[in-house]
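K.L.:
Next one to model:
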Amino acid sequence: MIDRQRVVAVIPARGGSKSVPGKNLRTLGGKPLIVWTLDLAARLEEVDRVIVSTDSEDIARVASERGAEVYHRPPALATDTALVLDAVRELARRLHDEGERAAYGLLLEPTAPFRRAGDVQACLTHLHYDGLDSVATFKPAELNPHRAWRIRDGAPESFVDGSVPWLPRQQLPEAYQLSGEVYAFRLDRLDLATRGMLFGRTGAVIVDGDTSLDIDDERDFRLAELITREGNHESVSA
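P.N.:
I've put the predicted structure just below:
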């Protein structure tokens, strides 16, 4: 709980992945990828329930072994094109019908194994005490949009009108991107969401871009394996 308000952590984990087959159960640092997120969620004193939304019996088994609740996701919400938002909404409706009256939800995707507990807590604090509807973690953009280009009829032109891509980094406007590590939100305001997990009155928590990793493909997974071998994850997840 936070200030006597219940918090539910939702971990969405499909069984299928085209970019990294079996990604959520693939071993990283001696344990399945999803276990990194399960273990962190279990340590957070603010979290009252940890729920895994999945279509996979294997993922369900691992989640149950780690003490999480499992809600089986309908097949229509487990396709490559299904939005995580729709799965969260469906789960929120089920929880409400069952009598759950938690004020806040956390979306913790298993593809971000090195998230910091402090960043999760910062999102909840920002959400609750600033009266927001949703909060997410952001990191410095890997490519500043003022250095991006579009190719139109074979000719390059600045993606941002009027930008000067050759300016030194220090002279460019600050730019950020979603880190994919934490989304905190009011469960009773999910109707405001249209396409993503940031909706209504929003807030941001800036995280360290050097230690943020959202695994999307094999290259990301190899980087995650390197981080664990070097032991850097111990300071990252603290």
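K.L.:
Off-centre distance for the host helix or strand of residue 71?
P.N.:
Per DSSP states H and E, residue 71 falls inside strand 69-72. In terms of C-alpha atoms, centre = their mean, to the nearest Å, the centre of strand 69-72 is found 18 Å from the chain centre.
K.L.:
Ok, stretch 215-233 next?
P.N.:
17 Å.
K.L.:
can you dump the C-alpha coordinates of it into CSV?
P.N.:
Coordinates of the C-alpha atoms in stretch 215-233 are reproduced here as CSV (Å, rounded to 0.1, in the frame of the first residue of the first chain):
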residue,chain,number,x,y,z
ILE,A,215,14.9,-6.4,-24.3
ASP,A,216,13.4,-6.4,-27.8
ASP,A,217,15.7,-8.6,-29.9
GLU,A,218,18.7,-10.9,-29.8
ARG,A,219,21.1,-8.1,-29.7
ASP,A,220,19.4,-6.7,-26.5
PHE,A,221,19.5,-10.2,-25.0
ARG,A,222,23.2,-10.5,-25.6
LEU,A,223,23.8,-7.2,-24.0
ALA,A,224,21.7,-8.3,-21.0
GLU,A,225,23.9,-11.4,-20.7
LEU,A,226,27.0,-9.3,-20.8
ILE,A,227,25.7,-7.1,-18.0
THR,A,228,24.9,-10.1,-15.8
ARG,A,229,28.3,-11.7,-16.4
GLU,A,230,30.0,-8.5,-15.4
GLY,A,231,27.9,-8.3,-12.3
ASN,A,232,26.6,-4.8,-13.1
HIS,A,233,23.0,-5.8,-12.5
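K.L.:
Can you list the buried residues in that stretch?
P.N.:
Within stretch 215-233, the residues that qualify as buried are 215, 220, 221, 224, 227, 228, 233, counting by 16 or more other C-beta atoms under 10 Å. Any C-beta I mention is one placed from the backbone N, CA and C, and that applies to glycine too.
K.L.:
coming back round to it: neighbouring strands for the strand holding residue 71, and are they parallel or not?
P.N.:
strand 49-54 (parallel) (DSSP bridges).
K.L.:
Show me which positions of the strand it pairs with end up buried.
P.N.:
Result for strand 49-54 [16+ other C-beta under 10 Å]: buried residues 49, 50, 51, 52, 53, 54.
K.L.:
for these, which one is nearest residue 40?
P.N.:
Taking C-beta to C-beta as the measure, residue 40 lies nearest residue 50 of those, at 9.7 Å.
K.L.:
Report the contact partners of the closest one.
P.N.:
Going by C-beta atoms under 8 Å, 6 or more residues apart in numbering, residue 50 touches 9, 11, 38, 41, 42, 67, 68, 69.
K.L.:
could you dump the residues you listed to CSV with pLDDT?
P.N.:
Shown next, in CSV, are those (pLDDT from 0 to 100):
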residue, pLDDT
9, 98
11, 98
38, 98
41, 98
42, 97
67, 96
68, 98
69, 98
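K.L.:
What are the buried residues along the top strand by length along the chain?
P.N.:
Determined from DSSP state E, the single longest strand within the chain is strand 176-186. Neighbour-count burial for strand 176-186 flags 178, 179, 180, 181, 182, 183, 184, 185, 186 (criterion: 16+ other C-beta under 10 Å).
K.L.:
of these, closest to residue 101?
P.N.:
Among those, and counting by C-beta to C-beta, the member closest to residue 101 is residue 186, at 12.5 Å.
K.L.:
Scan the helices and strands of this structure for the one with the lowest mean pLDDT.
P.N.:
Within the chain, confidence by mean pLDDT, DSSP states H and E is lowest for helix 233-236 among all helices and strands, at a mean of 50.
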